[in-house]
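Visitor: Build me a structure from this.
(2 chains)
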Amino acid sequence: MSFLADLRWRGLLHQTTDDTGLEAWLEAEPRTVYAGFDPTADSLHVGSLLGLLVLRRFQQAGHKPIALVGGATGMIGDPSGKSHERNLLSQEDLERNVAGLAEQMRQFLDFDAGGAILVNNLDWTGSWSYLEFLRDVGKNFSVNVMLAKDSVKSRLGQPGAATTGDGMSYTEFSYMLLQAYDFVHLHQHYGCQLQAGGSDQWGNITAGIDLGRRMHGAPLYGLTWPLLTKSDGTKMGKTEHGAIWLDPQRTSPYQFFQYWINTDDADVGGCLRMLTELEPAEIEDLDAARAENPGQRTSQRRLATELTRLVHGAEGLAVAQQATEIFFGAEIADLDDTQLGQIFADVPSQQLPRGRLLDGSLTIVDALVQVGLAKSKGDARRTVQQGGAYVNNRRVAAIDTVLSPQHLASTSTMVLRSGKKKYALLQFAS
RNA sequence: GGGGGGAUACCGAAGCGGUCAAACGGGACAGACUGUAAAUCUGUUGGCUCAUGCCUUCGGAGGUUCGAAUCCUCCUCCCCCCA
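Guide: Numbering: from 1, shown residues only, chains lettered A, B, ... in the order given. Take a look at the predicted model:
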């Protein structure tokens, strides 16, 4: 199977600018391909992961990927796929974000000699004067054509557009020119002839191709992947608590792992194809196993395992798996304070003096209230009486249980739980 | 400006002198079942030293009464109709 055929099989091809020629062009020799990433935050999230993984596939197939961080375009704000004008980021935020993204990208792409290249479009855009830009770049754009792009149409609320839109500023209107010029610049300096992006980037990509042809007669290609959406139409990688980030400080490996474990049956096949590097045969086996026995959830487990390892490494995966075992019932034993701290990184904790454990003054009811698992003693009592109170994942049934050092999970930590999922730590300082 | 209706616990909504910590539904919480799904079933759902005990709650402030969410007065806010 050719590289492009593999992308197509995985559902990663939404559109290309040359459906007939691109395949042969890519097979002929190693090519240089670029994709851009917006520095809207100091970490990538699941949405941008897809793009990085596509670049990674290009690299693995012997091509040369360029990851572009939009230090310049990030100052403007891409209107594509956005229904509202965006707030501008401050210079300091941008710099921090660019640095954060660059660091994360190293995990996915090999930037060593001759490998992938990391560029920041601020490096060639920052020194331009407005007049120069208008003469050299702006002159090549027809406003009529720009107005016809989806990203603009939807914001202007024109007939036939998907949304009514609330207008857009001249600043955002100009975004397309900057991104178009990026492509031309990368072609001139790095021999890049292919830009890849999410399907919402189609307008910007074709703008770059047009500009390349006008300025240099360059033959450029474009390719888009579909946006990651779930079967219910919502965006992949978003939860009610916000986005799923790649930065373990923002989204712990456990939460990351859990997000994928909870993938709907209807979505997991697509995710395996688009996000993992498993062979087609293996993915088809998983499809078959899922159809046979969906309750087994081997697909979800495999997806979560692969992605967590890819993003957080073997170590992060181990913590996530250990945390999963514990959060779903395994009794907590033989762990030290550090391990508990890692596993329960997302869980609230409270400190109490060690004396409370020794003098027999801390009942299970008091402890539940203390850590916030119950909002009153009556509530705590109810929880215990209904069999919903656990210490170190062992049910505490007696209402008058007094906590003592033997209830500690490690030297100084006790793990309290109410119901199936709500955990809190109680730490006893000496 | 005139007339009418209303404000109840997280939300909706009963209650209209004692048997009201307040029906019922939703939500939430806990349990069972289950695929860490969906559905279903059971229990709980003001606070306290958990007891047919006390305290705080029915828009706010007063009053009548042995006793008020329930009656009266004033105030605040909301809705409807007529000007």
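Visitor: can you give me the offset of stretch A:83-101 from its chain's centre?
Guide: 17 Å (CA atoms, centre = their mean, to the nearest Å).
Visitor: quick one: average pLDDT of that stretch?
Guide: Average pLDDT, stretch A:83-101: 85.
Visitor: Quick check: buried residues in that stretch?
Guide: A:89, A:94-95, A:97-98, A:100-101 (16 or more other CB atoms under 10 Å). Every residue, glycine included, has its C-beta placed from N, CA and C.
Visitor: Now, these that are in helices?
Guide: Counting by DSSP state H, the part of those found in helices is A:94-95, A:97-98, A:100-101.
Visitor: Now flag whichever of the buried residues of stretch A:83-101 is closest to A:D182.
Guide: A:V98 (14.5 Å; CB to CB).
Visitor: ok, that closest one touching A:P39?
Guide: Yes: with contact defined as CB atoms under 8 Å, A:V98 counts as touching A:P39 (4.7 Å).
Visitor: sorry, back to before: just put the buried residues of stretch A:83-101 in TSV and tack on distance to A:P79.
Guide: Formatted as TSV, these follow (distance: CB to CB, whole Å):
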residue	distance to A:P79
A:L89	15
A:L94	18
A:E95	23
A:N97	19
A:V98	20
A:G100	23
A:L101	20
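Visitor: Report the contact partners of A:Q60.
Guide: A:E277 (CB atoms under 8 Å, 6 or more residues apart in numbering).
Visitor: Need the residues touching each of A:V98 and A:P39.
Guide: Contact criterion CB under 8 Å, 6+ apart; residues shared by A:V98 and A:P39: A:69, A:71, A:74.
Visitor: Can you tell me which of these is closest to RNA strand B?
Guide: Nearest to RNA strand B among these, counting by CB to the nearest atom of the strand, is A:V69 at 34.0 Å.
Visitor: how many neighbours does the closest residue to RNA strand B within the stretch 51-200 of chain A have?
Guide: The minimum distance from the stretch 51-200 of chain A to RNA strand B, using CB to the nearest atom of the strand, falls at A:L53 (22.8 Å). Look at A:L53: counted by other CB atoms under 10 Å, it has 20 neighbours.
Visitor: Ok, A:F327 next?
Guide: By the measure other CB under 10 Å, the count of residues near A:F327 is 19.
Visitor: Spell out which residues of chain A are next to RNA strand B.
Guide: A:258, A:261-262, A:265, A:294-295, A:297, A:300, A:324, A:328, A:369, A:375-379, A:381-383, A:386-388, A:418-422 (CB under 7 Å from any atom of the strand).
Visitor: and the residue in the stretch 251-400 of chain A positioned nearest to RNA strand B, how many residues sit next to it?
Guide: For the stretch 251-400 of chain A, the residue closest to RNA strand B is A:G388, as judged by CB to the nearest atom of the strand, at 2.4 Å. A count of nearby residues for A:G388, using other CB under 10 Å, gives 19.
Visitor: Now do the contacts for it.
Guide: Going by CB under 8 Å, 6+ apart, A:G388 touches A:418-419.
Visitor: quick one: it from A:I326, how far?
Guide: Noted for A:G388: a distance of 17 Å to A:I326, by CB to CB, to the nearest Å.
Visitor: Kindly report the same for A:A291.
Guide: Counting by CB to CB - A:A291 and A:I326 are separated by 31 Å.
Visitor: With A:G203 instead?
Guide: Distance of A:G203 to A:I326, computed by CB to CB: 48 Å.
Visitor: Neighbour count: those two, which is higher?
Guide: Taking other CB under 10 Å, A:G203 and A:I326 do not tie; A:I326 has more neighbours (24 against 21).
Visitor: Now do the contacts for that one.
Guide: Neighbours of A:I326 in contact, by CB under 8 Å, 6+ apart: A:332, A:343, A:393.
Visitor: These into TSV, with extra columns for pLDDT, secondary structure and neighbour count?
Guide: Compiled in TSV, the contacts of A:I326 are given as follows (pLDDT from 0 to 100; DSSP: H, G, I helix; E, B strand; the rest coil; neighbours: other CB atoms under 10 Å):
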residue	pLDDT	secondary structure	neighbour count
A:I332	87	coil	22
A:I343	88	helix	23
A:N393	92	coil	18
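Visitor: Among these, which one sits closest to A:S80?
Guide: Scanning these for proximity to A:S80, where the rule is CB to CB, the winner is A:I343, at 40.0 Å.
Visitor: Identify the residue spatially nearest to the residue in the stretch 301-430 of chain A that RNA strand B sits nearest to, adjacent ones excluded.
Guide: Here the stretch 301-430 of chain A gets closest to RNA strand B at one residue, A:G419, 1.8 Å apart by CB to the nearest atom of the strand. In this structure, A:G419 finds its nearest non-sequential neighbour in A:G388, 4.9 Å apart by CB to CB, 6 or more residues apart in numbering.
Visitor: measure A:F257 to A:P294 for me?
Guide: 20 Å.
Visitor: Output the lowest mean pLDDT helix or strand found in chain A.
Guide: strand A:238-239 (a mean of 76; mean pLDDT, DSSP states H and E).
Visitor: List the neighbouring strands of that one plus their orientation.
Guide: strand A:242-243 (antiparallel) (DSSP bridges).
Visitor: residues in contact with the strand it pairs with?
Guide: With CB under 8 Å, 6+ apart as the contact definition, strand A:242-243 has outside contacts at A:45-47, A:237, A:251.
Visitor: Same list (the residues you listed) but as JSON lines, adding pLDDT.
Guide: Output for the contacts of strand A:242-243, formatted as JSON lines (pLDDT from 0 to 100):
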{"residue": "A:H45", "pLDDT": "89"}
{"residue": "A:V46", "pLDDT": "89"}
{"residue": "A:G47", "pLDDT": "83"}
{"residue": "A:G237", "pLDDT": "81"}
{"residue": "A:T251", "pLDDT": "91"}
